[in-house]
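1. Turn this into a model:
(4 chains)
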2 protein chains.
Amino acid sequence: MKTTESIDLQKASQILKLLGDKTRLTMMKLLESHDCCVCEFVAIFKMSQPAISQHLRKLRDIELVKEERRGQWIFYSINQEHGDYPLISSILHHLPDQGGSISDLEEQGLRVCCE
Amino acid sequence: MKTTESIDLQKASQILKLLGDKTRLTMMKLLESHDCCVCEFVAIFKMSQPAISQHLRKLRDIELVKEERRGQWIFYSINQEHGDYPLISSILHHLPDQGGSISDLEEQGLRVCCE
DNA sequence: TGCATATATAAGCATATAGTTATATGATAC
DNA sequence: GTATCATATAACTATATGCTTATATATGCA
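-> Now for the predicted structure:
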(Lines give C-alpha, C1' and ligand atoms only; values in the text may rest on other atoms or scores of the structure.)
Protein backbone atom coordinates (compact mmCIF):
# COMPACT_ATOMS: atom_id res chain seq x y z
CA MET A 1 0.00 0.00 0.00
CA LYS A 2 2.83 2.33 0.95
CA THR A 3 5.27 3.15 -1.82
CA THR A 4 9.00 3.35 -1.20
CA GLU A 5 8.76 7.11 -1.55
CA SER A 6 6.03 7.74 0.96
CA ILE A 7 6.97 9.38 4.19
CA ASP A 8 5.65 9.29 7.69
CA LEU A 9 3.29 12.26 8.09
CA GLN A 10 4.83 13.20 11.41
CA LYS A 11 8.29 13.47 9.88
CA ALA A 12 7.01 15.20 6.76
CA SER A 13 5.23 17.89 8.75
CA GLN A 14 8.35 18.46 10.83
CA ILE A 15 10.40 18.98 7.67
CA LEU A 16 7.79 21.29 6.14
CA LYS A 17 7.61 23.32 9.33
CA LEU A 18 11.35 23.93 9.17
CA LEU A 19 11.15 24.85 5.49
CA GLY A 20 8.20 27.10 6.29
CA ASP A 21 10.50 29.95 7.20
CA LYS A 22 11.67 32.25 4.43
CA THR A 23 15.25 32.44 5.67
CA ARG A 24 15.67 28.68 6.04
CA LEU A 25 13.91 27.95 2.75
CA THR A 26 16.19 30.39 0.93
CA MET A 27 19.20 28.81 2.63
CA MET A 28 18.20 25.40 1.31
CA LYS A 29 17.67 26.77 -2.19
CA LEU A 30 21.09 28.42 -2.10
CA LEU A 31 22.70 25.21 -0.84
CA GLU A 32 21.07 23.32 -3.69
CA SER A 33 23.59 24.95 -6.03
CA HIS A 34 26.60 25.74 -3.84
CA ASP A 35 27.94 25.00 -0.38
CA CYS A 36 27.98 28.10 1.81
CA CYS A 37 29.70 29.07 5.03
CA VAL A 38 28.05 30.91 7.89
CA CYS A 39 29.58 34.30 7.15
CA GLU A 40 28.23 34.17 3.60
CA PHE A 41 24.73 33.62 4.94
CA VAL A 42 25.23 36.51 7.34
CA ALA A 43 26.13 38.75 4.39
CA ILE A 44 23.29 37.50 2.19
CA PHE A 45 20.51 37.73 4.75
CA LYS A 46 21.84 40.84 6.52
CA MET A 47 21.00 39.11 9.75
CA SER A 48 23.03 38.66 12.94
CA GLN A 49 25.49 35.77 13.12
CA PRO A 50 23.69 34.08 16.04
CA ALA A 51 20.40 34.24 14.18
CA ILE A 52 21.96 32.54 11.15
CA SER A 53 23.68 29.99 13.34
CA GLN A 54 20.43 29.08 15.05
CA HIS A 55 18.65 28.60 11.74
CA LEU A 56 21.45 26.32 10.57
CA ARG A 57 21.29 24.34 13.78
CA LYS A 58 17.63 23.57 13.19
CA LEU A 59 18.36 22.38 9.68
CA ARG A 60 21.27 20.34 11.02
CA ASP A 61 19.29 18.82 13.89
CA ILE A 62 16.97 17.00 11.50
CA GLU A 63 19.90 16.36 9.17
CA LEU A 64 18.67 18.38 6.20
CA VAL A 65 22.17 19.83 5.96
CA LYS A 66 25.69 18.63 6.76
CA GLU A 67 28.53 20.74 8.11
CA GLU A 68 32.20 20.45 7.26
CA ARG A 69 35.07 22.50 8.57
CA ARG A 70 37.44 23.94 6.00
CA GLY A 71 40.17 25.92 7.69
CA GLN A 72 38.58 28.52 9.91
CA TRP A 73 35.25 28.29 8.13
CA ILE A 74 32.44 25.82 8.50
CA PHE A 75 30.69 25.04 5.24
CA TYR A 76 27.17 23.75 5.04
CA SER A 77 25.78 21.55 2.29
CA ILE A 78 22.55 19.71 1.59
CA ASN A 79 22.45 16.18 2.95
CA GLN A 80 21.46 14.24 -0.15
CA GLU A 81 21.51 11.02 1.86
CA HIS A 82 18.52 12.16 3.93
CA GLY A 83 15.76 9.59 3.70
CA ASP A 84 13.32 12.28 2.64
CA TYR A 85 15.63 13.97 0.16
CA PRO A 86 13.27 13.25 -2.76
CA LEU A 87 10.58 15.34 -1.07
CA ILE A 88 12.99 18.13 -0.21
CA SER A 89 14.49 18.16 -3.66
CA SER A 90 11.11 18.32 -5.36
CA ILE A 91 10.13 21.29 -3.23
CA LEU A 92 13.34 23.16 -4.04
CA HIS A 93 12.80 22.56 -7.75
CA HIS A 94 9.65 24.67 -7.60
CA LEU A 95 11.53 27.68 -6.23
CA PRO A 96 13.25 30.43 -8.21
CA ASP A 97 17.01 30.25 -8.60
CA GLN A 98 18.93 32.31 -6.04
CA GLY A 99 22.15 32.61 -8.02
CA GLY A 100 21.79 36.38 -7.83
CA SER A 101 22.62 36.40 -4.13
CA ILE A 102 25.89 34.63 -4.79
CA SER A 103 26.77 36.99 -7.66
CA ASP A 104 26.12 39.93 -5.35
CA LEU A 105 28.51 38.44 -2.80
CA GLU A 106 31.20 38.06 -5.43
CA GLU A 107 30.78 41.67 -6.52
CA GLN A 108 31.19 42.77 -2.92
CA GLY A 109 34.25 40.54 -2.58
CA LEU A 110 32.56 38.64 0.22
CA ARG A 111 32.51 35.21 -1.34
CA VAL A 112 34.57 32.82 0.75
CA CYS A 113 36.76 30.45 -1.19
CA CYS A 114 38.85 27.72 0.40
CA GLU A 115 40.03 25.68 -2.54
CA MET B 1 15.56 33.10 -15.77
CA LYS B 2 12.45 32.31 -13.82
CA THR B 3 10.47 29.32 -15.07
CA THR B 4 6.70 29.34 -15.21
CA GLU B 5 6.66 26.92 -12.30
CA SER B 6 8.88 28.87 -9.93
CA ILE B 7 7.25 30.52 -6.98
CA ASP B 8 7.95 33.55 -4.88
CA LEU B 9 9.95 32.42 -1.85
CA GLN B 10 7.78 34.46 0.48
CA LYS B 11 4.64 32.75 -0.71
CA ALA B 12 6.26 29.33 -0.79
CA SER B 13 7.44 29.60 2.80
CA GLN B 14 3.98 30.69 3.88
CA ILE B 15 2.45 27.62 2.23
CA LEU B 16 5.06 25.30 3.71
CA LYS B 17 4.51 26.78 7.16
CA LEU B 18 0.81 25.97 6.92
CA LEU B 19 1.56 22.45 5.71
CA GLY B 20 4.11 22.08 8.49
CA ASP B 21 1.42 21.03 10.93
CA LYS B 22 0.55 17.35 11.10
CA THR B 23 -3.18 17.95 11.32
CA ARG B 24 -3.32 20.32 8.36
CA LEU B 25 -0.97 18.21 6.27
CA THR B 26 -3.11 15.13 6.89
CA MET B 27 -6.23 17.13 6.02
CA MET B 28 -4.72 18.09 2.67
CA LYS B 29 -3.71 14.50 1.96
CA LEU B 30 -7.24 13.33 2.76
CA LEU B 31 -8.73 16.04 0.57
CA GLU B 32 -6.48 14.92 -2.28
CA SER B 33 -8.70 11.84 -2.65
CA HIS B 34 -12.12 12.93 -1.30
CA ASP B 35 -13.93 16.07 -0.25
CA CYS B 36 -14.64 16.08 3.48
CA CYS B 37 -16.94 18.02 5.75
CA VAL B 38 -15.98 19.48 9.08
CA CYS B 39 -17.65 16.82 11.20
CA GLU B 40 -15.73 14.11 9.38
CA PHE B 41 -12.48 15.81 10.26
CA VAL B 42 -13.64 16.09 13.87
CA ALA B 43 -14.22 12.32 13.92
CA ILE B 44 -10.95 11.48 12.17
CA PHE B 45 -8.69 13.69 14.26
CA LYS B 46 -10.58 13.25 17.53
CA MET B 47 -10.16 16.96 18.02
CA SER B 48 -12.64 19.66 19.05
CA GLN B 49 -14.83 21.24 16.38
CA PRO B 50 -13.41 24.75 16.89
CA ALA B 51 -9.85 23.43 16.59
CA ILE B 52 -10.71 21.77 13.26
CA SER B 53 -12.55 24.85 12.09
CA GLN B 54 -9.56 27.04 12.83
CA HIS B 55 -7.19 24.77 10.92
CA LEU B 56 -9.54 24.85 7.94
CA ARG B 57 -9.76 28.61 8.10
CA LYS B 58 -5.99 28.91 7.78
CA LEU B 59 -6.01 26.64 4.75
CA ARG B 60 -8.91 28.62 3.31
CA ASP B 61 -7.32 32.02 3.98
CA ILE B 62 -4.47 31.30 1.58
CA GLU B 63 -6.88 29.49 -0.72
CA LEU B 64 -5.35 26.03 -0.48
CA VAL B 65 -8.89 24.70 -0.03
CA LYS B 66 -12.35 25.72 -1.16
CA GLU B 67 -15.56 25.38 0.80
CA GLU B 68 -18.98 24.52 -0.53
CA ARG B 69 -22.20 24.18 1.39
CA ARG B 70 -24.25 21.04 0.74
CA GLY B 71 -27.38 21.06 2.85
CA GLN B 72 -26.45 21.53 6.45
CA TRP B 73 -22.84 20.50 5.85
CA ILE B 74 -19.94 22.47 4.50
CA PHE B 75 -17.59 20.40 2.38
CA TYR B 76 -13.98 21.27 1.83
CA SER B 77 -11.96 20.39 -1.24
CA ILE B 78 -8.51 21.15 -2.60
CA ASN B 79 -8.31 24.27 -4.73
CA GLN B 80 -6.64 22.94 -7.83
CA GLU B 81 -6.73 26.39 -9.38
CA HIS B 82 -4.28 27.70 -6.80
CA GLY B 83 -1.28 29.23 -8.55
CA ASP B 84 1.05 27.04 -6.52
CA TYR B 85 -0.95 23.85 -6.90
CA PRO B 86 1.92 22.08 -8.68
CA LEU B 87 4.10 22.52 -5.59
CA ILE B 88 1.32 21.43 -3.24
CA SER B 89 0.44 18.44 -5.36
CA SER B 90 4.03 17.26 -5.59
CA ILE B 91 4.36 17.42 -1.81
CA LEU B 92 1.19 15.41 -1.28
CA HIS B 93 2.41 12.75 -3.70
CA HIS B 94 5.26 11.96 -1.35
CA LEU B 95 2.91 11.22 1.54
CA PRO B 96 1.30 7.89 2.42
CA ASP B 97 -2.30 7.33 1.43
CA GLN B 98 -4.80 8.10 4.19
CA GLY B 99 -7.65 6.03 2.82
CA GLY B 100 -7.68 4.07 6.07
CA SER B 101 -9.13 7.02 7.97
CA ILE B 102 -12.07 7.18 5.59
CA SER B 103 -12.67 3.42 5.81
CA ASP B 104 -12.68 3.70 9.59
CA LEU B 105 -15.33 6.42 9.35
CA GLU B 106 -17.49 4.24 7.13
CA GLU B 107 -17.22 1.34 9.57
CA GLN B 108 -18.35 3.62 12.38
CA GLY B 109 -21.21 4.90 10.22
CA LEU B 110 -19.84 8.42 10.47
CA ARG B 111 -19.22 9.07 6.82
CA VAL B 112 -21.37 11.96 5.63
CA CYS B 113 -22.96 11.53 2.26
CA CYS B 114 -25.00 14.19 0.54
CA GLU B 115 -25.49 12.86 -2.95
C1' DT C 1 -42.26 29.57 15.31
C1' DG C 2 -38.88 26.96 18.02
C1' DC C 3 -35.38 23.46 18.55
C1' DA C 4 -31.53 20.59 16.92
C1' DT C 5 -27.51 20.16 14.09
C1' DA C 6 -23.36 21.99 11.73
C1' DT C 7 -20.07 25.40 11.53
C1' DA C 8 -17.67 29.82 12.61
C1' DT C 9 -15.86 33.23 15.59
C1' DA C 10 -14.08 35.42 19.89
C1' DA C 11 -11.39 35.58 23.94
C1' DG C 12 -8.05 33.60 26.86
C1' DC C 13 -4.00 30.82 27.90
C1' DA C 14 0.16 27.89 27.51
C1' DT C 15 3.78 26.82 24.59
C1' DA C 16 6.73 27.50 20.51
C1' DT C 17 9.39 30.42 17.66
C1' DA C 18 12.71 33.88 15.99
C1' DG C 19 15.14 37.39 17.11
C1' DT C 20 18.35 40.00 20.51
C1' DT C 21 22.82 40.61 23.48
C1' DA C 22 26.50 38.47 25.93
C1' DT C 23 29.66 34.88 26.23
C1' DA C 24 32.14 30.52 25.03
C1' DT C 25 34.75 27.62 21.84
C1' DG C 26 37.98 26.61 18.28
C1' DA C 27 41.26 27.67 14.53
C1' DT C 28 44.80 30.77 12.63
C1' DA C 29 48.39 34.37 12.76
C1' DC C 30 51.75 36.77 15.16
C1' DG D 1 51.85 32.26 24.62
C1' DT D 2 48.14 36.32 22.94
C1' DA D 3 45.14 38.42 19.58
C1' DT D 4 41.87 37.81 15.99
C1' DC D 5 38.46 35.72 13.20
C1' DA D 6 34.59 32.35 12.57
C1' DT D 7 31.12 29.97 14.75
C1' DA D 8 28.19 28.12 18.55
C1' DT D 9 25.60 28.47 22.69
C1' DA D 10 22.97 30.60 26.55
C1' DA D 11 19.67 33.57 28.47
C1' DC D 12 16.16 36.64 27.57
C1' DT D 13 12.11 38.83 25.19
C1' DA D 14 8.35 39.73 22.01
C1' DT D 15 5.34 37.66 18.99
C1' DA D 16 3.04 33.66 16.84
C1' DT D 17 0.66 29.41 17.30
C1' DG D 18 -2.73 25.91 18.69
C1' DC D 19 -5.62 24.70 21.77
C1' DT D 20 -9.61 25.60 25.17
C1' DT D 21 -14.42 27.34 26.49
C1' DA D 22 -18.22 30.23 25.43
C1' DT D 23 -21.04 32.21 22.07
C1' DA D 24 -22.85 33.43 17.40
C1' DT D 25 -24.69 32.16 12.88
C1' DA D 26 -27.01 29.36 9.51
C1' DT D 27 -29.63 25.43 7.93
C1' DG D 28 -33.28 21.80 8.43
C1' DC D 29 -37.25 20.09 10.43
C1' DA D 30 -41.37 19.55 13.64
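
2. Now the residue nearest the centre of chain A: which helix or strand?
-> Taking CA atoms, centre = their mean, the centroid of chain A lies closest to residue A:28, which sits 2.8 Å from it. Assigned by DSSP states H and E, residue A:28 belongs to helix A:22-33.

3. is any part of whichever helix or strand comes after that helix close to DNA strand C?
-> Next helix or strand after helix A:22-33 toward the C-terminus (DSSP H and E): strand A:36-37. No. For strand A:36-37, no contact with DNA strand C is found by CB under 7 Å from any atom of the strand; the gap never falls below 12.4 Å. (Each C-beta comes from the backbone N, C-alpha and C, glycine too.)

4. residue contacts, residue A:41?
-> Counting by CB atoms under 8 Å, 6 or more residues apart in numbering or on different chains, residue A:41 makes contact with A:27, A:30, A:47, A:52, A:56.

5. In a helix, residue A:81, correct?
-> No. Applying DSSP: H, G, I helix; E, B strand; the rest coil, one finds residue A:81 to be coil, outside a helix.

6. Let's see the pLDDT reported for it.
-> pLDDT for residue A:81: 97.

7. DNA strand D contacts on chain A?
-> Applying CB under 7 Å from any atom of the strand, we find that chain A lies next to DNA strand D at A:37-39, A:42, A:49-50, A:53-54, A:56-57, A:67, A:72-75.

8. Of these, just the buried ones, ChimeraX syntax please.
-> Those of the residues of chain A next to DNA strand D that count as buried under 16 or more other CB atoms under 10 Å in any protein chain shown are selected in ChimeraX with:
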select /A:37,38,42,56,67,75
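
9. Check pLDDT for the residues of chain A next to DNA strand D and point me to the minimum.
-> Within the set of the residues of chain A next to DNA strand D, pLDDT is lowest for residue A:72 (91).

10. which parts of the helix holding residue A:28 are buried?
-> Neighbour counts over helix A:22-33 (16+ other CB under 10 Å) mark A:22, A:23, A:24, A:25, A:26, A:27, A:28, A:29, A:30, A:31, A:32 as buried.

11. hang on, the earlier thing: looking at the residues of chain A next to DNA strand D, spot the one nearest DNA strand C.
-> Ranked by distance to DNA strand C (CB to the nearest atom of the strand), those are led by residue A:50 at 3.4 Å.

12. where's that closest one, which helix or strand?
-> Residue A:50 is part of helix A:49-61, with elements assigned from DSSP H and E.

13. what separates that helix from the chain centre, distance-wise?
-> 10 Å (CA atoms, centre = their mean, to the nearest Å).

14. Give the partner strands of the following helix or strand past that helix in its sheet and their orientations.
-> Note on helix A:49-61: by DSSP H and E, the next helix or strand toward the C-terminus is strand A:65-70. Within its sheet, and counting by DSSP bridges, strand A:65-70 is paired with strand A:73-78 (antiparallel).

15. Please name every helix or strand in contact with the helix or strand just after the partner strand.
-> Counting by DSSP H and E, the next helix or strand C-terminal to strand A:73-78 is helix A:85-93. Helix A:85-93 is packed against helix A:9-19, helix A:22-33, helix B:85-93, with contacts defined by 3 or more CB pairs under 8 Å, 6 or more residues apart in numbering or on different chains; DSSP states H and E.

16. Show residues contacting the second one.
-> By CB under 8 Å, 6+ apart, the list of residues contacting helix A:22-33 from outside reads A:18-19, A:36, A:41, A:44-45, A:47, A:55-56, A:58-59, A:64-65, A:76-78, A:88-89, A:92, A:95-99, A:101-102, B:9-10, B:12-13, B:16.
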